[in-house]
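**Q** with the sequence up front, the predicted model follows.
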Amino acid sequence: MVTLPFLYIVRERTLSPVTEVIAATSHACVLLPWFDAGQTDHITLIHNRQLNGVVESPSWPEETAATSLMSRDTDGSESASTIDGRRKGACLFCQEYFMDLYLLAELKTISLKVTTVDMQKPPPDFRTNFEATPPPILIDNGMAVLENEKIERHIMKNVPGGHNLFVQDKEVATLIENLYSKLKLMLLKKDDPKTNNLLSHLRKIDEHLGRKKTRFLTGDTMCCFDCELMPRLQHIRVAGKYFMDFEIPVEASHLWRYMYHMYQLDAFTQSCPADQDIINHYKLQQVGVSTPLSPSLLRTVVQHITQLLAR
């Protein structure tokens, strides 16, 4: 297995693959459910996103994260809290991937190691190799797979248990689509129409859950859609309340019951950032840091990662 030079890992053996070990060093915090690796094929995920030309605050990165996926062994770095540089940051998309991988670790199909990287003061090797902010990139035996949907499809086909996690449900996919953009518009415009748009969307999700009468979006077992929705609901609760005094209506009883079930699950609680980090996440967005990415720079990053894996 290739260990990328910026991963600083403290290891402790645990009794269960779903037992969390948080180990602090001067460089990082590590989440480490432990297995013995049984495979040697290497898959690396470079995770980073930009929204509307504005880079999300350095958190579990939309900035930059490198995650190595193996059928039974998974490493990862995530951007740290923008407050203390150690805790999990508030990147929505990275929490979603964290939850996906945590669920696979619970199924004992992978082991999961997550290292936080302070993107305000990244280690020198990390800064040298991953200075750019590429979109999500999956590198499997030298082949780069771009775009979220293709990455998910690759995991679904190549990682044991992935096909159970990435279910196909067009109705649910459409239902939760654009929820986050409505939160961002509400925080940006701060007017009644945008607030009502978000409320209307939440009511539709509540109605869906009421019709399904199940614990989660597609049934009584969690799937990728739950890993996508719940972090967004948490941001709506925390950021909406702080910036707009917005609250999810108590009348949305099915949605509140859904959130109650999610709050009981390790996959969510272990990946969830602190409220302060979510609030700081949006405060930094108000400042606005633009970091455009050129195609040539993206190609350079992909080539460099491929060379590292070939060593």
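**A** Sure, I can see it.
**Q** SS state for Asp100?
**A** helix (DSSP: H, G, I helix; E, B strand; the rest coil).
**Q** this structure: helices as residue ranges?
**A** Along the chain, counting by DSSP state H, helices occupy 92-106, 124-129, 148-158, 162-165, 170-176, 179-189, 192-212, 224-244, 253-263, 266-269, 275-287, 295-310.
**Q** what mean pLDDT does the third one get?
**A** In this model, helix 148-158 has an average pLDDT of 76.
**Q** return the set of buried residues in that helix.
**A** The neighbour-count check on helix 148-158 (16 or more other C-beta atoms under 10 Å) flags 151-152, 154-156 as buried. In short, each C-beta sits where N, CA and C put it, glycine included.
**Q** could you report the neighbour count for Trp256?
**A** 14 (other C-beta atoms under 10 Å).
**Q** and Pro193, by the same measure?
**A** A total of 9 residues lie near Pro193 under the criterion other C-beta under 10 Å.
**Q** check it and give its pLDDT.
**A** As predicted, Pro193 sits at a pLDDT of 96.
**Q** also Ser200?
**A** On the pLDDT scale, Ser200 gets 98.
**Q** also Ala239?
**A** Per-residue confidence (pLDDT) for Ala239: 94.
**Q** that one contacts Met186, doesn't it?
**A** No - with contact defined as C-beta atoms under 8 Å, Ala239 does not reach Met186; the gap is 9.4 Å.
**Q** list residues touching both of those two?
**A** Shared contacts of Ala239 and Met186 (C-beta atoms under 8 Å, 6 or more residues apart in numbering): none.
**Q** comparing the helices of the chain, which comes out most buried?
**A** helix 92-106 (a mean of 25; mean count of other C-beta atoms under 10 Å).
**Q** for that one, name the packing helices and strands.
**A** Contacts defined by 3 or more C-beta pairs under 8 Å, 6 or more residues apart in numbering; DSSP states H and E place helix 92-106 against strand 43-47, strand 65-69, strand 74-79, strand 112-117, helix 162-165, helix 224-244, helix 266-269.
**Q** phi, psi for Ala274 please.
**A** Dihedral pair for Ala274: phi -70, psi 150, per degrees, to the nearest 10.
**Q** equivalent analysis for Asp191, please.
**A** Torsion angles at Asp191 (phi, psi; degrees, to the nearest 10) stand at phi -130, psi 170.
**Q** check the gap between it and Asn178 for me.
**A** From Asp191 across to Asn178, the span is 18 Å (C-beta to C-beta, to the nearest Å).
**Q** that older thread, worst average pLDDT in the helices and strands packed on helix 92-106?
**A** Averaging pLDDT over each of those puts strand 65-69 lowest, since it has a mean of 32.
**Q** any chance of the helices of the chain in CSV, plus distance to Thr218?
**A** Compiled in CSV, the helices of the chain are given as follows (distance: least, C-beta to C-beta, whole Å):
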stretch, distance to Thr218
helix 92-106, 14
helix 124-129, 37
helix 148-158, 15
helix 162-165, 11
helix 170-176, 6
helix 179-189, 16
helix 192-212, 8
helix 224-244, 6
helix 253-263, 12
helix 266-269, 16
helix 275-287, 26
helix 295-310, 34
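**Q** what sits up against stretch 164-172?
**A** Contacts for stretch 164-172 (C-beta under 8 Å, 6+ apart): 100, 103-104, 107, 152-153, 155-156, 208, 217-218, 221, 223-225.
**Q** do the same with stretch 249-264
**A** Applying C-beta under 8 Å, 6+ apart, the set of residues contacting stretch 249-264 is 199, 202-203, 205-207, 209-210, 215-217, 226, 230, 233, 248, 268-269.
**Q** if you set the cut-off to 10 Å instead, what comes out?
**A** With contact meaning C-beta atoms under 10 Å, 6 or more residues apart in numbering, stretch 249-264 is reached by 99, 199, 202-217, 220, 222, 226-227, 229-231, 233-234, 237, 248, 268-269, 272.
**Q** over to stretch 179-194?
**A** 51-52, 92-93, 178, 195-202, 204-205, 228-229, 231-233, 235-236, 239-240, 242-244, 246, 282, 285-286.
**Q** good, we can wrap up now.
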